[in-house]
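S.K.: okay, sequence plus prediction incoming.
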Amino acid sequence: MHRAQANNPLHGITLETMLNRLVEQLGWAEMGRIIDIRCFNYDPSIKSSLQFLRRTPWARAKVEALYLARIAPVQTQGSAAPKS
């Protein structure tokens, strides 16, 4: 099973962690502009968004893709920098 996850960039990252990092970096307004779903645009909260995303595979896939496009590359670049 470990081998099956070796190339999965989301392995070990919870949906809540993804959502928190996206909100921190982009904010609800930008997330709602990119992915037009009600839980991002009207009275957004982590709790309501998690409930919706866990029940809605197409929306979760869009959030995962956004995370990979916007957050994962930044973390990879940051971790690749040499430490002084």
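M.R.: Structure's in. What do you need? Numbering: from 1, shown residues only.

S.K.: and the longest helix anywhere in the chain, how far out from the chain middle?
M.R.: With secondary structure taken from DSSP state H, the chain has its longest helix at helix 57-70. Relative to its parent chain, helix 57-70 has a centroid offset of 6 Å by CA atoms, centre = their mean, to the nearest Å.

S.K.: got the buried residues for it?
M.R.: Using 16 or more other CB atoms under 10 Å as the test for burial, helix 57-70 gives 59-60, 62-64, 66-67, 70. Glycine gets a C-beta too; all of them are placed from N, C-alpha and C.

S.K.: also stretch 32-40?
M.R.: 32, 34-35, 37, 39-40.

S.K.: how about residues contacting it?
M.R.: For stretch 32-40, contacts defined as CB atoms under 8 Å, 6 or more residues apart in numbering pick out 26, 28, 31, 41, 44-45, 48-49, 51-53, 59, 62-63, 66.

S.K.: now with 6 Å, please.
M.R.: By CB atoms under 6 Å, 6 or more residues apart in numbering, the residues outside stretch 32-40 that reach it are 28, 31, 41, 48-49, 52, 59, 62.
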